[in-house]
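Novice: Next come a sequence and a model predicted from it.
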Amino acid sequence: MAQPMGFFTDTTVCIGCKACEVACKEWNQLPARNGGIGTLSGDSYDNTRHLDGIHWRHVKFIEQFSPDRRDGRWLMMSDVCKHCVRAGCMEVCPTGAIIRTEFDTVVIQSDACNGCRDCIAACPFGVIDINPVSGTAQKCTLCYDRMKVGLEPACAKACPTQSINFGPIADLKKLAQARLGQLEQGGERRAHLYGADETMLGGLNSFYLLVDKPEVYGLPPDPRLPSRNLKSSALWSTLGAVALAILGVFSFRERGARDV
Amino acid sequence: MYPRSMADSDCIVIQGSNMAECHPVAFRWPMQAKLKGAKLIHVDPRFTRTSAVADIHAPIRAGSDVAFLGGLIHYVLESERWKGDPFFKEFVVNYTNAAMIVGDALKDTEDADGVFSGLMQYAPGIKEWPLDGFVGQYDTRTWQYAESPARPRATPPPAGPPFDPLVRSLLTPPPRRDETLQHTRTVFQIVKRHFSRYTPEMVERVTGCPKETFLQVAETILANSGRDRTTSFAYAVAWTQHTNGPQTIGCCALLQLLLGNIGRPGAGVMALRGHASIQGSTDVPTLYHSIHGYMNHPSALKRHDSLRDWLLTETTPRGYWANTPKFMVSYLKSMYGAAATKENDFGYDWHPRIIGDHSHLPMFVAMNEGRVKGLLCIGQNPATSLNASVERKGLARLEWLVVKDNWLTETATFWQNSPEIKSGQLRSQDIRTEVFFFPAAQVAEYDGSFTNTQRMLQWHFKAANPPGDCRTDLWFTHQLARRLKQMYAHSTLPRDEGFKHLVWEYDSDDPHERERGEPDAHKILKEINGYYTDQPDRHLAGFGDLKDDGSTTCASWIYCGVFPSPDRNLAARRQPDAPNTPGAQLEWGWAWPANRRILYNRASADLRGRPWSERKKWVWWDGVKWTGHDVPDFAPTKAPLSKAAPNAIGLDALSGSDPFIMKPDGVGWLYVPTGLVDGPLPAHYEPAESPVANPLYRQQSSPVLKYWALDGNQLAPRGDPRFPYIITTYRLTEHYLAGAMSRWNPWLTELQPEFFVEISPELAAEKGIGNTDWITVSTPRGRIRGKALVTRRMRPFTIAGRTVHQVGMPFHWGYQGLITGDAGNELTALVGDPNVSIHEGKAFVCNVEKT
């Protein structure tokens, strides 16, 4: 197996140019929503709004300004599938269409997907949706086809400011730590890494450097797998069954008594 | 400087540009500098995607850049650090014209109530072309250095070749200097007095930038300039599209010279130019007023009657421009080939001459007057351009119009679906203009070169045939020239001589391309590079080889050297430097002149030719010759302390410590005695339309700006209550210019689907406007509708004590394409700068109402 590969997205150098969104669509031949004809969202410069089956990269814009403008930030973040080491979508896929590749990335095989939508609900980041062209669930493949021939993913290639870094996870972690250290040294106390260690779903193979709470970027602070409910739901199911059984026993006993 | 050099900066000031959004690829270099610890400053009316990654955002209202820069100059000159550090003194005394003494007839804005001496009524040009548009003009004689008579002293000899005696006859005594800078009429003292009123308080009053933010900017720049640190500035069209654009850029150059930030790595003034080859379009010019290599176009209004007269008018005897006769004769040989001889002035008389300002604005005024018969419109979309309605009315008065583009632009369909047609103001059947549309090939469909903003030529290769009838721009020009030559072949009119003798031999040798009628791009590159007239296969290796006797043929002297032999097209090189080595990537493409990457790089070494510091090492003297990371921009073996030769011409007239070899005095100009028509120093004037009175001078706007009074081009008077807000226009990353190339691409249109206008929540509240509400924006020229984008990234300014709202809008929309919307340029005016005739599209006034 090749070494685990992924993205480190440094949001502090993102300029919101959306080159990643366009490069992704061009390489993967994804259509525009409604043929490209839309209305102004009014939400800063974000008009595609979220990741889905035809938007595998999405740049978020967060405006933070005090009324007197003394404090002002315009945060930008290019969002993408996190390629979780423990991936919820894989866990729930009934057909085995979602696989882990030799690069430790998570890929949906379109030909094996039956469009059941289980993975859409299972993803804690809201990454996956149905691509209306194929009728199957789709998301970022980390450009599996490009990686197989030694090319970097299209978005990372197009990023002009090295906000999207692609490479072996081990190298990316070192890079991220160094950048974090640099920012902290420069007095930026809000900077932190999101998903860079194993505590979050075993580690995100696409992790981020953020300068605010994850919720500000629309990211869950503590993403969980669908299987988190297994123990409790199993317990409750068992208890329910026992209760039903007891109820049944009682009701049958009484009926039996009456019959006699 | 060039974009890559910005990675070597310790501080980068972006002003007059939204670099992250409009030059995102070049913006990688400022970001690399930032990652190395450099400070990034953005000075702009809006908080943009550039401001988002900057360390400091300094807000200023649109149209107040000179006041901000003037404030920086004042701050620097008064600072203890500048006065105390010997580096600044050494740089300014030796490498700038600070020590020159100016004639005593000069009256500065301080003496002449906000204008300079020499202001007079404009005397219109000739009756055939009274369209230059000036509202006034300056006699510039009083701006000159002391004791440098305007007229040559010697009687000029007859024409050459050789032309050296003629150049020598132009010599005048060198200007007087005072290296102590104490004389009251030294440039230094004049500059100091001129900017004395640009105090931090005044900056706040004029620009609306809080004083503490301004001081933070000033201190950061000063702390990052000097022997061991450099600061760079970057600007784009938000500095040029004003009635005082060149003065703003000059003001920045003045500041950078004072700080020793020119000719050094990570220093300078980065002019961010527009699309892929806009630099190339001025080098090998589509400009009306110059011929190749920035030589002035022969004009009927100047003393240009013969080649000799042209040379006497256009040549400066000192500095590299003393070689002008070589450039000009080689150019004429390229135009007229064997027909150009010494006896007929190398065909000079056949060359067309201009009769006034034929740039975009007056041409469309002329169209409205019915003076223009036809227009070839290639890579332009005037139907959504400046004061678009006036431009469309001009188009409607043409006999014929050729549009060559990738898509049916608004210009191609103006007769069918323009706002005038929809409103009933014009009827299609009444428009006599015959419109021809030529579908154009895309850049990957032919061979050719780009010249980018760093003057670098990069060859691009044909990847595929264009679809259908699409043809390249080369094909179009080539076929047009061939057909015109056929038409004129049997003419006996003297005016057609030029066309008959014009050399045009670019047919492709490739049978397939020949059949398609495509020319050979390499043959064109060869013509531009130049060759020995008698041995056309021997290419010129550089402009040092040019001769003034017709033995060399070269279309553009500045490009000479890009194609030094038939098998070496240096623009096609793609060899990067080894990683982590200091260098200028000299094997990647080819930059004019002579593959130099940083111009005037002699200034990166001190007087004795030693690097100013180890960290800022670039070009230096090794004891025998100049060497370094770049191609030295200097005579290769001229010793650093060598003296100028008395009564010499050309580079011999400059000393070993005169880095600015294109300048007649070899130094950078803080003060501009010659070359600008609106003043030797920058002064803050209000835009032609402004809600406020000029807080700095009694003179409101530039006294010599260009304005054309015609129907539909009214200006709002100062402080007009009907139009109380300042408005500026700009681009978004997601779209390209007027949208002709981007509003057809669904991947781009979904990213920015609708025309919008950005306003602050304060203005929105005043006007009862909600986010995404439809609003109407109006100026005296027109009204348009768009959606409001209400955001705190916009802010009201306090100018001279009162609140002034700033409005902003992108100008990408029009009535053709996948997504359509009103064009921002329906609101702009035909009013422009007196030096270069660019329009004022970045600052004017408007009203905003909820629709």
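Specialist: Happy to help now that I have it. Residues are numbered from 1 along each chain as shown, chains lettered A, B, ... in the order given.

Novice: Now do the same contact list for B:S551.
Specialist: B:532-534 (Cβ atoms under 8 Å, 6 or more residues apart in numbering or on different chains). (Each C-beta comes from the backbone N, C-alpha and C, glycine too.)

Novice: Can you convert the residues you listed into TSV and add a column each for pLDDT and neighbour count?
Specialist: Converted to TSV, those look like this (pLDDT from 0 to 100; neighbours: other Cβ atoms under 10 Å in any protein chain shown):
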residue	pLDDT	neighbour count
B:Y532	98	16
B:T533	98	20
B:D534	97	10
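
Novice: Would you report which members of these are assigned to strands?
Specialist: Assignment to strands by DSSP state E places the following of the contacts of B:S551 there: B:Y532.

Novice: Show me how the record splits chain B into domains.
Specialist: Domain assignment for chain B, taken from automatic domain parsing, gives B:360-443, B:706-850.

Novice: looking at those, which is closest to B:G319?
Specialist: B:G319 lies closest, by Cβ to Cβ, to one member of these: domain B:706-850, at 20.9 Å.

Novice: is chain A contacted by that closest one?
Specialist: Yes - judged by Cβ under 8 Å from any Cβ of the partner chain, domain B:706-850 comes into contact with chain A through B:732-734, B:745-754, B:756, B:771-772, B:787, B:789-793, B:795, B:818-819.

Novice: Endpoint to endpoint, that domain covers what distance?
Specialist: One end of domain B:706-850 to the other measures 34 Å (Cα to Cα, to the nearest Å).

Novice: Now it: average pLDDT?
Specialist: Domain B:706-850 carries an average pLDDT of 97.

Novice: Based on its surroundings, how many neighbours for the residue in chain B that chain A sits nearest to?
Specialist: Nearest to chain A in chain B, going by Cβ to the nearest Cβ, is B:P746, at a distance of 2.6 Å. B:P746 sits with 20 neighbouring residues when counted by other Cβ atoms under 10 Å in any protein chain shown.

Novice: Flag the shaky bits of the chain, pLDDT-wise.
Specialist: You didn't say which chain, so I picked chain A. Scanning chain A with the threshold set as pLDDT under 70 gives A:1, A:254-260.

Novice: Sorry, I should have been clearer: chain B.
Specialist: Using pLDDT under 70, chain B drops low at B:148-154.

Novice: which outside residues touch stretch B:530-543?
Specialist: Stretch B:530-543 is touched from outside by B:323, B:326-327, B:330, B:333-334, B:526, B:529, B:546, B:550-555, B:557-558, B:560-561, B:563-566, B:593-594, with contacts defined as Cβ under 8 Å, 6+ apart.

Novice: Now list the buried members of those residues.
Specialist: The neighbour-count test (16 or more other Cβ atoms under 10 Å in any protein chain shown) marks B:323, B:326-327, B:330, B:333-334, B:526, B:529, B:546, B:550-555, B:557-558, B:560-561, B:563-564, B:593-594 as buried among those.

Novice: quick one: which of those sit in strands?
Specialist: Cross-referencing the buried ones among the contacts of stretch B:530-543 against strands under DSSP E gives B:552-553.

Novice: Chain B contacts on the stretch 51-200 of chain A?
Specialist: The interface of the stretch 51-200 of chain A toward chain B, taken as Cβ under 8 Å from any Cβ, is made up of A:63, A:65, A:67, A:69, A:72-76, A:160-162, A:179, A:182, A:186.

Novice: if you set the cut-off to 6 Å instead, what comes out?
Specialist: Counting by Cβ under 6 Å from any Cβ of the partner chain, the stretch 51-200 of chain A comes close to chain B at A:65, A:69, A:74, A:160-161.

Novice: Now flag whichever of those residues is closest to B:L170.
Specialist: A:P160 (48.4 Å).

Novice: how close does the closest one sit to B:A388?
Specialist: Counting by Cβ to Cβ, to the nearest Å, the separation of A:P160 from B:A388 is 32 Å.

Novice: which one of those two has more residues nearby?
Specialist: The neighbour count for A:P160 versus B:A388, taken as other Cβ under 10 Å, is higher for B:A388 (30 against 20).

Novice: Might one say that the more buried one is in contact with B:N825?
Specialist: Yes - contact criterion Cβ atoms under 6 Å: B:A388 and B:N825 qualify, at 4.6 Å.

Novice: What is the burial count for whichever residue of the stretch 1-150 of chain A sits closest to chain B?
Specialist: At 2.6 Å from chain B, A:G36 is the closest residue in the stretch 1-150 of chain A, using Cβ to the nearest Cβ. By other Cβ under 10 Å, the residues close to A:G36 number 19.

Novice: quick one, what contacts the closest residue to it other than its chain neighbours?
Specialist: Distances taken as Cβ to Cβ, 6 or more residues apart in numbering or on different chains put B:P746 closest to A:G36, at 2.6 Å, once the chain neighbours are dropped. B:P746 makes contact with A:32, A:35-36 under the criterion Cβ atoms under 6 Å, 6 or more residues apart in numbering or on different chains.

Novice: how far away is B:P746 from A:T141?
Specialist: From B:P746 across to A:T141, the span is 22 Å (Cβ to Cβ).

Novice: what's the answer for A:F61, then?
Specialist: Distance, A:F61 to A:T141, by Cβ to Cβ: 25 Å.

Novice: gap between the strand with the most length in chain B and the chain center?
Specialist: As assigned by DSSP E, the longest strand anywhere in chain B is strand B:782-790. Strand B:782-790 sits 31 Å away from the centroid of its parent chain (Cα atoms, centre = their mean, to the nearest Å).

Novice: again, but for stretch B:234-244
Specialist: Centroid separation for stretch B:234-244 versus its chain: 9 Å, with Cα atoms, centre = their mean.

Novice: and the end-to-end length of that stretch?
Specialist: Stretch B:234-244 end-to-end distance (Cα to Cα) = 17 Å.

Novice: Identify the residues contacting it?
Specialist: When contacts are defined by Cβ under 6 Å, 6+ apart, stretch B:234-244 is touched by residues B:14, B:16-17, B:19, B:245, B:248-249, B:270, B:272, B:685, B:688, B:702, B:705, B:833, B:838, B:840-842.

Novice: now with 7 Å?
Specialist: Under the contact criterion Cβ atoms under 7 Å, 6 or more residues apart in numbering or on different chains, stretch B:234-244 has outside partners B:12, B:14-17, B:19, B:22, B:63, B:65-66, B:245, B:248-249, B:252, B:270-272, B:678, B:685, B:687-688, B:701-702, B:705, B:831-833, B:838-843.

Novice: Just the ones of those in helices?
Specialist: Counting by DSSP state H, the contacts of stretch B:234-244 place B:19, B:22, B:65-66, B:245, B:248-249, B:252 in helices.

Novice: Just the buried ones from those residues?
Specialist: B:19, B:22, B:65-66, B:245, B:248-249, B:252.

Novice: For chain A, which segments count as helices?
Specialist: Counting by DSSP H, the segments of chain A that form helices are A:19-28, A:88-92, A:118-122, A:144-148, A:154-158, A:169-185, A:230-259.

Novice: I'd like these as JSON lines, with mean neighbour count appended.
Specialist: Output for the helices of chain A, formatted as JSON lines (neighbours: other Cβ atoms under 10 Å in any protein chain shown):
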{"stretch": "helix A:19-28", "mean neighbour count": "21"}
{"stretch": "helix A:88-92", "mean neighbour count": "21"}
{"stretch": "helix A:118-122", "mean neighbour count": "19"}
{"stretch": "helix A:144-148", "mean neighbour count": "16"}
{"stretch": "helix A:154-158", "mean neighbour count": "22"}
{"stretch": "helix A:169-185", "mean neighbour count": "15"}
{"stretch": "helix A:230-259", "mean neighbour count": "10"}
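
Novice: B:G666 - how many residues pack around it?
Specialist: By other Cβ under 10 Å, the residues close to B:G666 number 25.

Novice: all strands of the stretch 651-800 of chain B, in order?
Specialist: Taking DSSP state E, counting those that start in this stretch as the criterion, the stretch 651-800 of chain B contains strands spanning B:706-707, B:725-730, B:756-759, B:774-779, B:782-790, B:797-799.

Novice: Dump these to TSV, plus mean neighbour count.
Specialist: Listed next are the strands of the stretch 651-800 of chain B as TSV, based on neighbours: other Cβ under 10 Å:
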stretch	mean neighbour count
strand B:706-707	24
strand B:725-730	24
strand B:756-759	24
strand B:774-779	19
strand B:782-790	20
strand B:797-799	19
